[in-house]
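*Asks:* Take a look and give me a structure for this.
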Amino acid sequence: MMHTNVLLFDWLTPSGSCALKVTVISTSPNKKEEALSVRGADHFLVSKDDEAMKAAAGTLDGIIDTVSGGGASLFG
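*Replies:* Okay, here's the model as predicted:
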């Protein structure tokens, strides 16, 4: 099973129809319940939590970046 990261989860819908483990990364811990319960993500990370980000490093097979605009990137 592929483990994919999603930076913003507005487009996710709870379906369970894809064979992916989904991790949502957000700057806001307030989005955790929605990401896991409503949107169906498997994991949630707060990008400002350095320890959690370090622990997750190397565990993702791909990244789908849905952040729009010229905002800051987690990847440089």
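*Asks:* what does the top helix by length along the chain rub up against?
*Replies:* Counting residues, the longest helix found in the chain (DSSP state H) is helix 50-56. For helix 50-56, the external contacting residues (Cβ atoms under 8 Å, 6 or more residues apart in numbering) are 23, 25, 43, 45-47. Yep, even glycine has a C-beta here, placed from its N, CA and C like the rest.
*Asks:* Drop anything exposed from the residues you listed.
*Replies:* Neighbour-count burial (16 or more other Cβ atoms under 10 Å) is assigned, among the contacts of helix 50-56, to 23, 25, 43, 45-46.
*Asks:* will you turn these into JSON lines that also has secondary structure, pLDDT and distance to T59?
*Replies:* Formatted as JSON lines, these follow (DSSP: H, G, I helix; E, B strand; the rest coil; pLDDT from 0 to 100; distance: Cβ to Cβ, whole Å):
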{"residue": "T23", "secondary structure": "strand", "pLDDT": "87", "distance to T59": "8"}
{"residue": "I25", "secondary structure": "strand", "pLDDT": "88", "distance to T59": "12"}
{"residue": "H43", "secondary structure": "strand", "pLDDT": "90", "distance to T59": "9"}
{"residue": "L45", "secondary structure": "strand", "pLDDT": "92", "distance to T59": "10"}
{"residue": "V46", "secondary structure": "strand", "pLDDT": "93", "distance to T59": "16"}
